[in-house]
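Visitor: coordinates only, no sequence provided:
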């Protein structure tokens, strides 16, 4: 019996050894991660298959990094190996340790890779260490810099877009409508930085000309003034030739200084209404929301505190669609609900929803920061905040359109916007422009995994279960042991009497 066990163990160990040797030789591995983190996407494979010139990646990584940061280096190295093998060695790479000597550190800094300070524990003490975690992607005389490869970030997206940016000669043009108080390039800096990797953003004015022929997608973000009917006709002509349209519009506006919210109109809401799309002049409120800073009088004087402000919904419910791929949280600023009753010839897909506990309040509204909200104030669920449309909106040519009922959520103010705010618009532009290959990569990496909200009843049940269940398990195990010992004693007594 023992010989058979030893033989089986030896065979299993031998099999594992052979599998390990083969995997090292042929670089084969299984990817069981939730988002296929270690598997190259179709978009990346297409980029690598279309390379005409070799690409060189020089990775500047320090050695002796803490384990959680050293993993980033290993992951990046494994990814570069995948790129090299998939491209038939059209992607070549090398790793440089800038901390090794001063000349290498100078080389890294001159190439745009700045060191970062990380905390390292040594002999029960925390000290700061200068570390490099970046790369330079080169194709011929052109270069793209990845100044900091952040642990847990969308590594494949950064590398693939850098290669695509270098290898693509003519980028598609994305038009941004101007002339009616729309958001400027300065207000959309985060979005522009993301789009400029794959597109050429271009301002479009329709006061004396049509939408240029080289523009396939037209973007309209937060117009403040009315658009003349003649310019709407030019946009319809653009749609009639198959152009695509993204609208991020404010139907309501809030003034926190005056604690008031009111409805606004620019003419776009009437244009959409004719197509069965209604932006309601109402505010969506949601239990899942952002907060505002208010000053409150206390015994210690005036103090600033953070209070939830339900007029700033944080959407976490998304449809399964290329526009919402990988999104986790989008924070809106005074968003309206969308009602859809389009013609049957137009396909519509609601994309973004409010939570299970939300509501819509007709404008105008007074913002009472001290109001005591109750569950009864949030009777609605899954209100539509953004939607995608496919069909003929003008003429017979098939087209696409995305409507988002907030024009401010993507604007860059004094603080950076949450990444998914930018990703929602960038993904929409990719989908409208038929360039969805890299959409899934943009959000491939954990940005936020918030815990699901539980009701008070569920919380109480879990609390009591945590208290009672261990006791029941201990009592049950005690009874089991008691019964087993009793059986053993009875058996022994039976043996004695025999």
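Guide: Looks like it came in fine. Since we're looking at a predicted model, the values are computed, not measured. Numbering: from 1, shown residues only.

Visitor: in the stretch 51-200 of the chain, which ranges drop under the pLDDT threshold?
Guide: For the stretch 51-200 of the chain, the stretches flagged by pLDDT under 70 are 122-124, 152-153.

Visitor: try it again at 80.
Guide: For the stretch 51-200 of the chain, applying pLDDT under 80 flags the ranges 119-128, 151-154, 169.

Visitor: and for the stretch 251-400 of the chain?
Guide: Where the stretch 251-400 of the chain drops to pLDDT under 80, the residues are 294-304.

Visitor: now do the strands in it.
Guide: 252-255, 260-263, 277-279, 282-286, 289-298, 301-315, 317-318, 330-331, 338-340, 347-353, 358-362, 365-366, 384-391, 399-404 (DSSP state E, counting those that start in this stretch).

Visitor: out of the ones you listed, which one sits most buried?
Guide: Most buried of the strands of the stretch 251-400 of the chain, by mean neighbour count (mean count of other C-beta atoms under 10 Å): strand 282-286, with a mean of 26. Placement of C-beta: from N, CA and C, glycine included.

Visitor: packing partners for that strand?
Guide: Strand 282-286 is packed against strand 252-255, strand 301-315, strand 358-362, with contacts defined by 3 or more C-beta pairs under 8 Å, 6 or more residues apart in numbering; DSSP states H and E.

Visitor: any idea of the mean pLDDT for the lengthiest helix in the chain?
Guide: Using DSSP state H, we find that the single longest helix of the chain is helix 456-497. Helix 456-497 shows a mean pLDDT of 73.

Visitor: count of residues packed around the nearest residue to residue 406 once chain neighbours are set aside?
Guide: Once flanking residues are discounted, residue 406 sits nearest to residue 335: 4.1 Å by C-beta to C-beta, 6 or more residues apart in numbering. As a burial measure, residue 335 scores 33 neighbours (other C-beta atoms under 10 Å).

Visitor: now residue 335: how far from residue 411?
Guide: Plainly put, residue 335 is 13 Å away from residue 411 if you go by C-beta to C-beta, to the nearest Å.

Visitor: since we're on residue 245, how many residues are nearby?
Guide: There are 23 residues near residue 245, going by other C-beta under 10 Å.

Visitor: do the same with the one 5 residues further on
Guide: The number of residues packed near residue 250 is 26, by other C-beta under 10 Å.

Visitor: can you tell me the closest non-neighbouring residue to it?
Guide: Distance criterion C-beta to C-beta, 6+ apart; nearest residue to residue 250, sequence neighbours excluded, is residue 407 at 4.4 Å.

Visitor: who are the neighbours in contact with that neighbour?
Guide: By C-beta atoms under 8 Å, 6 or more residues apart in numbering, the contact list for residue 407 reads 183, 221, 222, 223, 248, 249, 250.

Visitor: quick one, phi/psi of the third one?
Guide: In terms of degrees, to the nearest 10, the main-chain angles of residue 222 are phi 50, psi 60.

Visitor: skipping adjacent residues, who's closest to it in space?
Guide: residue 407 (3.0 Å).

Visitor: outline the domain layout of this protein.
Guide: Using automatic domain parsing, the domain ranges for the chain come out as 16-167, 173-442.

Visitor: re the thing from before, okay, the helices and strands packed on strand 282-286 in a markdown table with distance to residue 350 next?
Guide: Putting those into a markdown table (distance: least, C-beta to C-beta, whole Å) gives the following:
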| stretch | distance to residue 350 |
| --- | --- |
| strand 252-255 | 19 |
| strand 301-315 | 12 |
| strand 358-362 | 14 |
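
Visitor: which one of those strands lies closest to residue 127?
Guide: Of all the helices and strands packed on strand 282-286, it is strand 301-315 that lies closest to residue 127, at 33.5 Å by C-beta to C-beta.

Visitor: quick one: contacts of that closest one?
Guide: Outside strand 301-315, the residues touching it (C-beta under 8 Å, 6+ apart) are 254, 261, 283-296, 329-335, 352-355, 358, 365, 367, 369, 373, 385.

Visitor: residue 81: neighbouring residues, count only.
Guide: Residues near residue 81, counting by other C-beta under 10 Å: 13.

Visitor: may I have the phi/psi pair for it?
Guide: Dihedral angles (degrees, to the nearest 10) for residue 81: phi -60, psi -40.

Visitor: check residue 156 too.
Guide: According to degrees, to the nearest 10, residue 156 has phi -70, psi -40.

Visitor: same deal with residue 334?
Guide: Torsion angles, degrees, to the nearest 10, at residue 334: phi 60, psi 70.

Visitor: what of the one 10 residues further on?
Guide: Dihedral angles phi and psi of residue 344 (degrees, to the nearest 10) take the values phi -60, psi -20.

Visitor: what about it, distance to residue 360?
Guide: Distance of residue 344 to residue 360, computed by C-beta to C-beta: 26 Å.

Visitor: same check on residue 41?
Guide: According to C-beta to C-beta, residue 41 and residue 360 sit 38 Å apart.

Visitor: ok, residue 168 next?
Guide: 44 Å.

Visitor: what's the neighbour count on residue 467?
Guide: 9.

Visitor: I should have written residue 466 there, sorry.
Guide: Neighbour number of residue 466 under other C-beta under 10 Å is 9.

Visitor: what of residue 49?
Guide: Residue 49 has 11 neighbours, counted by other C-beta under 10 Å.

Visitor: list the contacts of it.
Guide: residue 87.
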